[in-house]
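> 3D, please:
(chains A and B)
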Amino acid sequence: MNKKDKEFDALVKAYSTDIYRFAYWLCKDVALAEDMTQETFTRAWKALDSLVDPKAAKGWLITITRREIARHFSKKRIETINIQDVPVEQLGADGDLSQHDKLIIHEAIFSLDNEYREPLLLQVLGGFSCNEIADMMDIKPGAVMTRLFRAKQQLRQVLGPDIKDNVMVKL
Amino acid sequence: MNEKSTINCIDVRRLLLSNPADLEKDTLQHLNICPSCKKAALDASGFDDRLLSALKVPVPDGLANKILLTKGIHENLQQRRARNWFRAVAASIVLTTSIIVSLMYPDSPASVSDIALAHIKAEPHHLQDRKNIKLTKLDKIIKPFNMKINISSQRIHYAGTCKIRRSIGAHIVIQGKKAPLTILLMPDEKVSSRQTINEDNFSGIIVPVKNGSIAIIGDKQEDLNAFEKQIIPQAAT
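Have a look, this model is predicted:
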């Protein structure tokens, strides 16, 4: 295995899970999310020489994924799914949330507009800061903060009573 | 809220929602002195934790291995495409070269003299034959070729037909002054003018006739001019 193979192997093992989940929440489809993940890494392999800073790998991969998804949906009309059609297994069994709570959160997240959902995923799932998200989405950090604020506020309004947690903040 | 704080509760709670992981110094100071916002911070953190838990959907089994396998297949395909490309290029170069050579040298088959000499070398045993063929038999053999030759005074060691390149010709061996002489009647093997052969231990002539050519080839020491005049009196000009 040469150096490039080793680097790629490490990237796949470190980030394929995050990339898949990110794709899933944007695509709303398990099979399509897997395809997008595959496509992301195929493109990453071809362009691996352009990744100068290994610390930036996750953001680089996310950017590739976003482009792939945008490309996919630009060719095809977006098909939305009914949250009731999501198999319970897709909700996951980890964590301290009940399946019911997860189903409600799923519905709430999918109900967000893409412009709110995407920065939310990048922050909560990807762990990126507002400045990093701003770079990725090519918008100003202030705009990112506004979108994140509105996304969470919207989620709290929907989820507040259901997830049995007093997370509502009275502003 | 403490009056010394430079940031108010509304700002803090907005930041707790939008950028909880990157709070600045004045926000942190505010949280230390404002119990209500401190509780809001804990709530926000718990909310994000629950959100993260919900976002962590199960990943397809063996996803990483599938990606690595796909990459391997992709690489193999690329290598195979590259190999095919090189093969195609190589084949094109060979084809192009062949076409260029064929255009530069439109018709470069072996010469008639080469063919005649090669035929004699391929059948050396006929130079050893001593069959004493009669003229009547010789006439029968050469008649189909419609090439008139005059052999009356020489002993005929061998006379037969054989394939000379594309056509059937006559192969005759007579006795020369120094050694046996070979006469080849070669229909369809045309030469534009009389040619001579001087190669290895052979000397010879190729004479054009109406429907082909006649070769007389013998030992290097042989004087073929006299034989030519006798054997091919009708030599075409």
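
> And residue 160, what's its pLDDT?
The chain I'm using is chain A. With respect to pLDDT, residue A:160 scores 65.

> Chain B, not that one
90.

> wait, is residue B:196 part of a strand?
Yes. According to DSSP: H, G, I helix; E, B strand; the rest coil, residue B:196 belongs to a strand.

> so how far is stretch A:39-51 from its chain's centroid?
19 Å (Cα atoms, centre = their mean, to the nearest Å).

> Could you do stretch B:192-206 as well?
36 Å.

> measure that stretch end to end?
Stretch B:192-206 has an end-to-end distance of 10 Å (criterion: Cα to Cα, to the nearest Å).

> Same question for stretch A:103-119.
Using Cα to Cα, first and last residues of stretch A:103-119 are 21 Å apart.

> Quick one: check that stretch for contact with chain B.
Yes. Stretch A:103-119 lies within reach of chain B by Cβ under 8 Å from any Cβ of the partner chain, at A:105-106, A:109. (Glycine included, C-beta is placed from N, CA and C.)

> Of those residues, just say which sits nearest to chain B.
residue A:105 (3.8 Å; Cβ to the nearest Cβ).

> State the helix or strand in which that closest one lies.
Assigned by DSSP states H and E, residue A:105 belongs to helix A:99-111.

> so how many other residues sit close to residue B:146?
Neighbour count for residue B:146, taken as other Cβ atoms under 10 Å in any protein chain shown: 12.

> Please list all residues in contact with the residue lying closest to it once chain neighbours are set aside.
Nearest non-adjacent residue to residue B:146, counting by Cβ to Cβ, 6 or more residues apart in numbering or on different chains: residue B:211, 6.1 Å away. By Cβ atoms under 8 Å, 6 or more residues apart in numbering or on different chains, the contact set of residue B:211 is B:145-147, B:187-188.

> mind running it again at 10 Å?
The contact partners of residue B:211, taken as Cβ atoms under 10 Å, 6 or more residues apart in numbering or on different chains, are B:145-147, B:185-190, B:236.

> Select only the buried ones of these in ChimeraX?
Only the buried entries of the contacts of residue B:211 go into this ChimeraX selection, using 16 or more other Cβ atoms under 10 Å in any protein chain shown:
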select /B:145,147,185,186,187,189
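
> Could you dump the contacts of residue B:211 into a markdown table and include secondary structure?
Converted to a markdown table, the contacts of residue B:211 look like this (three-state DSSP):
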| residue | secondary structure |
| --- | --- |
| B:145 | helix |
| B:146 | coil |
| B:147 | coil |
| B:185 | strand |
| B:186 | strand |
| B:187 | strand |
| B:188 | coil |
| B:189 | coil |
| B:190 | coil |
| B:236 | coil |
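
> Which helix or strand contains whatever residue of chain B ends up closest to chain A?
Nearest residue of chain B to chain A: residue B:53, at 3.3 Å (Cβ to the nearest Cβ). Element membership for residue B:53 (DSSP H and E) is helix B:35-55.

> Residue ranges of each domain in chain A, please.
Using automatic domain parsing, the domain parsing of chain A gives A:1-81, A:94-171.

> burial measure for the closest residue to residue A:54 other than its chain neighbours, as a count.
In space, and not counting its chain neighbours, residue A:54 is closest to residue A:7: 7.6 Å by Cβ to Cβ, 6+ apart. For residue A:7, the neighbour count with other Cβ under 10 Å is 16.
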